[in-house]
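[1] okay, predicted coordinates and the sequence, questions at the end:
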Amino acid sequence: NRTVGFFGNVSASYRNMLYLTVTGRQDYVSNMPRNNRSFFYPSVSAGFILTELDELKNDVVNYAKLRVSYAEVGQAGDFLENYYSTPTYGGGFYSLTPIMYPIKGTTAYTPYYTIFDPNLKPQNTRSYEIGADVNFFDNLITLNYTYSRQNVKDQIFSVPLASSTGASKLLTNGGKIHTNTHEFTLGFNPIRTKNINWDFAFNWTKIDNYVDELAPGVENISLGGYVTPQVRASAGEKFPVIYGVGFKRDANGNRLVDENGLPIAGEAQVIGKVSPDFLMGFNTTLRLWKCTISAVLDWKQGGQMYSRTTGLADYYGVSKRTENREGTIIFDGYKTDGTKNDIAITGANAQQVYYSRLNDIDESSVYDNSFIKLREVAVNYKILQKRSIELSVNAFARNILIWAQLPDLDPEASQGNNNMAERLFPFAVGCNIFVILKSGMNDPSLIRIHRLQRYRSSAALYLIGNILCQIFKGFFSSLAVIFCIHLYADIVF
């Protein structure tokens, strides 16, 4: 694939008060149909600092700014002329070519399972943003708010086809999605002295993605997962959603049970919405003379997740919920006659049947994804600080406490998530040494900057071993050689 682009921008300002920036980009791509290989997308942003006006200067609001912007972004797809390929055979988790061609001079091909729309157009995203920044009492209080809207049209995705067409997917344009985002930041700096400084800030974010429409005749498309459940985009729904086998319910939405008190599996449907109601963060930093203490707290409210791990732990009887094998379980549901379920499931064999039934219902493993997490606490102490040398020690701990709706697990710990590694090494202590040696003025000698960077080894102790040298020639008014040494030790719990 090859892309050739031309970019230009113009910026202007007036009396440090009004700012305007206009940009434009024209792209030419090789991986689109011939008639749709070029597209243009502009942007414009403006800012107005109100407190630069003499009439608005005061001791209460020391800074106020309004900002607005509009931008378009084009995105090309991967278009190919329809072609034939070597036949492959596979199941749900594998794909292979057991028959290798040519066989005795005979070559076999089959149409590729995806066909490409010859009128494919670049995807287009239009973004609108408006916001304000206000500082009070000489930056004692800072307030920021941003609202943005994104409209995505001509989305490029694969639409499922009937097998009678000879293909399974059509890559085409056919979707519209819009996103509304609200972001609010509030900061305080109540103590600002030479030896003591304390600041803290709150950040609140709400992001809502909606699927306005898909290709004609398509109500939802799969974005990944298994045969069931899957992550899907459904027209008229928030994006994304969890799609799978749900509980059978009555007209009032109550879960139904059979004559044995076991839940009844319903049809494949939307069983969960991934997007949270809001995200909120809190961070604070307190400096007491040479010691600095900081902490980060995160709160996620709403949204749902599918936890196969929790469901399988119940199914195989290894979770705490299954420890009482001779106990009694009454499923929270209703009988088909409309009365509350009171049928007891007693004994190990009956419980195994119960958990086997839940294992066949995807919705039983969908949980509220809300949590509050003490993300990090860190301490840094400067032992020595001179003009040419600085020595400090520090320690931090991550993922210390969590309050979550999901039982047994951290909602953020999943396969492929780097957060799992942090959980293995949540505590660490370290030492930083900075040495600065200044050379004389107009020194024509070669100057080398040595950077010793920390390197994670399999052992619990880091000691850096990589030296990167950059050699400069010339005359400078001041030259320096900087040595940085980082020593870290992990404590595993």
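    It's in.
[2] distance of R325 from V73?
    Going from R325 to V73 by C-beta to C-beta, to the nearest Å gives 57 Å. Backbone N, C-alpha and C define where each C-beta goes, glycine included.
[3] helices of the stretch 251-400 of the chain, start to end?
    Assigned by DSSP state H, counting those that start in this stretch, the helices in the stretch 251-400 of the chain fall at 308-315, 348-359.
[4] F371 is nearest to which of those helices?
    Ranking these by proximity to F371 (C-beta to C-beta) places helix 308-315 first, at 14.5 Å.
[5] quick one: average pLDDT of the closest one?
    Averaged over helix 308-315, pLDDT sits at 90.
[6] so which elements touch that helix?
    helix 348-359 (3 or more C-beta pairs under 8 Å, 6 or more residues apart in numbering; DSSP states H and E).
[7] so how far is the helix it packs on off the chain centroid?
    On the basis of C-alpha atoms, centre = their mean, to the nearest Å, helix 348-359 sits 36 Å off its chain's mean C-alpha point.
[8] from the contact counts, what lies against that helix?
    Against helix 348-359 (3+ C-beta pairs under 8 Å, 6+ apart) you get helix 308-315, strand 345-346.
[9] from Y210, how far off is the nearest residue to R149 once chain neighbours are set aside?
    Nearest residue to R149, sequence neighbours excluded (C-beta to C-beta, 6 or more residues apart in numbering): Y128, at 4.8 Å. Separation of Y128 from Y210 (C-beta to C-beta): 15 Å.
[10] what's the closest of the helices and strands packed on helix 348-359 to F247?
    Taking the helices and strands packed on helix 348-359 one by one with C-beta to C-beta, helix 308-315 is closest: 13.7 Å.
[11] please compute how far that closest one lies from its chain's middle.
    Between the centre of helix 308-315 and the centre of its chain there are 25 Å (C-alpha atoms, centre = their mean).
[12] looking at R325 and V73, which is more packed in?
    The residue with more neighbours, out of R325 and V73, is V73; 16 against 12, by other C-beta atoms under 10 Å.
[13] tell me the buried residues in the helix or strand that the more buried one is a member of?
    Per DSSP states H and E: V73 is located in strand 61-75. Across strand 61-75, burial judged by 16 or more other C-beta atoms under 10 Å covers V61, A64, K65, R67, S69, A71, E72, V73, G74, Q75.
[14] before we move on, what about stretch 111-127?
    Residues I115, F116, D117, L120, K121, P122, Q123, N124, T125, S127 are the ones in stretch 111-127 that count as buried (16+ other C-beta under 10 Å).
[15] dump that stretch to CSV, restricted to CA.
    In CSV, the C-alpha atoms belonging to stretch 111-127 read as follows (Å, rounded to 0.1, in the frame of the first residue of the first chain):
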residue,chain,number,x,y,z
PRO,A,111,-13.4,-17.8,-4.9
TYR,A,112,-12.1,-15.9,-1.9
TYR,A,113,-14.8,-15.8,0.9
THR,A,114,-14.8,-12.0,1.0
ILE,A,115,-15.8,-9.9,-2.0
PHE,A,116,-15.1,-6.2,-2.3
ASP,A,117,-17.5,-3.4,-3.2
PRO,A,118,-16.1,-1.7,-6.4
ASN,A,119,-17.7,1.6,-5.3
LEU,A,120,-16.0,1.5,-1.9
LYS,A,121,-15.4,5.0,-0.5
PRO,A,122,-13.1,6.3,2.3
GLN,A,123,-14.6,6.4,5.8
ASN,A,124,-15.2,10.0,7.0
THR,A,125,-15.2,11.3,10.6
ARG,A,126,-16.4,14.8,11.4
SER,A,127,-15.6,16.1,14.9
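[16] show me the shaky parts of the stretch 201-350 of the chain.
    Residues of the stretch 201-350 of the chain that meet the criterion pLDDT under 70 lie in 226.
[17] one more time with 90
    213-241, 268-270, 290, 308-309, 319-327, 347-348 (pLDDT under 90).
[18] in it, which spans are strands?
    With strands called from DSSP state E, counting those that start in this stretch, the stretch 201-350 of the chain shows them at 220-225, 230-234, 241-247, 265-273, 278-288, 291-301, 304-306, 328-329, 345-346.
[19] okay, N417: pLDDT?
    At N417, the pLDDT recorded in the model is 47.
[20] same question, A397
    85.
[21] what residue in this protein is the furthest from its centre?
    What lies farthest from the middle of the chain is K104; by C-alpha atoms, centre = their mean that is 52.0 Å.
[22] Q150 versus that one, what's the distance?
    Applying C-beta to C-beta, the value for K104 to Q150 is 57 Å.
[23] next one: T107
    T107 is 48 Å from Q150, by C-beta to C-beta.
[24] who has more neighbours, those two?
    The neighbour comparison of T107 against Q150 (other C-beta under 10 Å) goes to Q150, with 17 against 8.
[25] and that one, what are its bridge partners?
    For Q150, the beta-bridge partners are S127, T179 (DSSP bridges).
[26] my guess is it meets I207, correct?
    No - using C-beta atoms under 8 Å, Q150 makes no contact with I207, being 10.0 Å away.
[27] which neighbours do these two share?
    With contacts defined as C-beta atoms under 8 Å, 6 or more residues apart in numbering, the residues shared by Q150 and I207 are T179, T181.
[28] enumerate every residue touching L171.
    By C-beta under 8 Å, 6+ apart, the contact list for L171 reads G77, D78, F79, T114, I115, F116, D117, L120, I156, F157, S158, V159.
[29] three-state assignment of it?
    State at L171, reduced to three classes by DSSP: H, G, I helix; E, B strand; the rest coil: strand.
[30] what score does it have for pLDDT?
    At L171, the pLDDT value in this model is 88.
[31] what sits closest to it if chain neighbours are left out?
    Closest residue to L171 apart from its sequence neighbours, by C-beta to C-beta, 6+ apart: F116 at 5.0 Å.
[32] I'd like to know how far that neighbour sits from V218.
    Separation of F116 from V218 (C-beta to C-beta): 17 Å.
[33] and Y243, by the same measure?
    Applying C-beta to C-beta, the value for Y243 to V218 is 14 Å.
[34] do S365 as well
    For S365, the distance to V218 (C-beta to C-beta) stands at 27 Å.
[35] more neighbours: which of those two?
    S365 (23 against 17).
[36] check contacts around the more buried one.
    Counting by C-beta under 8 Å, 6+ apart, S365 touches Y306, S307, R308, T310, G311, L358.
[37] now, of these, which are buried?
    Among those, those scoring as buried are Y306, S307, T310, G311, L358 (criterion: 16+ other C-beta under 10 Å).
[38] next one: the fourth one from T322, what distance?
    I take that to be G311. Computed as C-beta to C-beta, the G311 to T322 distance reads 12 Å.
[39] again, but for the second one
    With the distance defined as C-beta to C-beta, S307 ends up 16 Å from T322.
[40] how about the third one?
    T310 sits 12 Å away from T322 when distances are taken as C-beta to C-beta.
[41] so G187 makes contact with L140?
    No - the criterion here is C-beta under 8 Å, and G187 misses it with L140 at 9.4 Å.
[42] what about the two, which has more around it?
    It is G187, of G187 and L140, that has more neighbours when counted by other C-beta under 10 Å, with 17 against 14.
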